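Colleague: what follows is a predicted protein model with its sequence.
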Amino acid sequence: MDPSKRVVMFPLTELFDEKGPIAAVQGDALDETAVRKLLGAPGLRIAVAIGACPLRWIAGDDRLELWKAEVRPRFTASDRVYREDFPGGYFYRATLWKSEDGDIVVFELHD
């Protein structure tokens, strides 16, 4: 399969970009405090996982804007979630992934 055509399937078991798989190990789910701390870390990479779409990688300065404008108002670490409680009827969860190149936070969109 052409790596550039690969799409997200949940549960997410590996990370990838247009070149192919990324060597990373899935870690713990993150709460809001952990996400905020990580957003300031140098070298942190951010990906947004939306079912049936390619992973969307967020570049440098866009990380904080994505968090403030899109993810934070719809973020939850709770297991009991009602979509209608969030703007637009969808929400995000976050997971930390570890790679040799540094930490990766993946925001998974659930609709």
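Modeller: Perfect, thanks for sending it.
Colleague: identify each buried residue in stretch 100-111, please.
Modeller: Neighbour-count burial for stretch 100-111 flags 103-110 (criterion: 16 or more other Cβ atoms under 10 Å). The C-beta positions use only the backbone N, C-alpha and C, and glycine is treated the same way.
Colleague: which one of those sits closest to A34?
Modeller: Nearest to A34 among those: V105, at 9.0 Å, using Cβ to Cβ.
Colleague: name the element that closest one belongs to?
Modeller: Counting by DSSP states H and E, the element that carries V105 is strand 102-110.
Colleague: what strands flank that strand, and is each parallel or antiparallel?
Modeller: Strand 102-110 pairs in its sheet with strand 45-49 (parallel), strand 91-99 (antiparallel), by DSSP bridges.
Colleague: mind listing what's buried in the longest one?
Modeller: Judged by neighbour count (16+ other Cβ under 10 Å), strand 91-99 contains these buried residues: 91-97.
Colleague: run the chain-centre distance for that strand.
Modeller: Strand 91-99 has its C-alpha centroid displaced from the chain centroid by 5 Å (Cα atoms, centre = their mean, to the nearest Å).
Colleague: any idea of the mean pLDDT in that strand?
Modeller: Mean per-residue pLDDT for strand 91-99: 98.
Colleague: where does the protein dip in pLDDT?
Modeller: The chain contains no residues with pLDDT under 70.
Colleague: what about the helices in it?
Modeller: Under the criterion DSSP state H, the chain contains helices at 32-39, 62-66.
Colleague: what packs against the last one?
Modeller: Using 3 or more Cβ pairs under 8 Å, 6 or more residues apart in numbering; DSSP states H and E as the contact criterion, the secondary-structure elements in contact with helix 62-66 are strand 45-49.
Colleague: neighbours around A29, how many?
Modeller: Using other Cβ atoms under 10 Å, A29 has 13 neighbouring residues.
Colleague: follow-up on the earlier one: quick one: which of the buried residues of stretch 100-111 is nearest T76?
Modeller: Of these, the one sitting nearest to T76 (Cβ to Cβ) turns out to be H110, at 9.0 Å.
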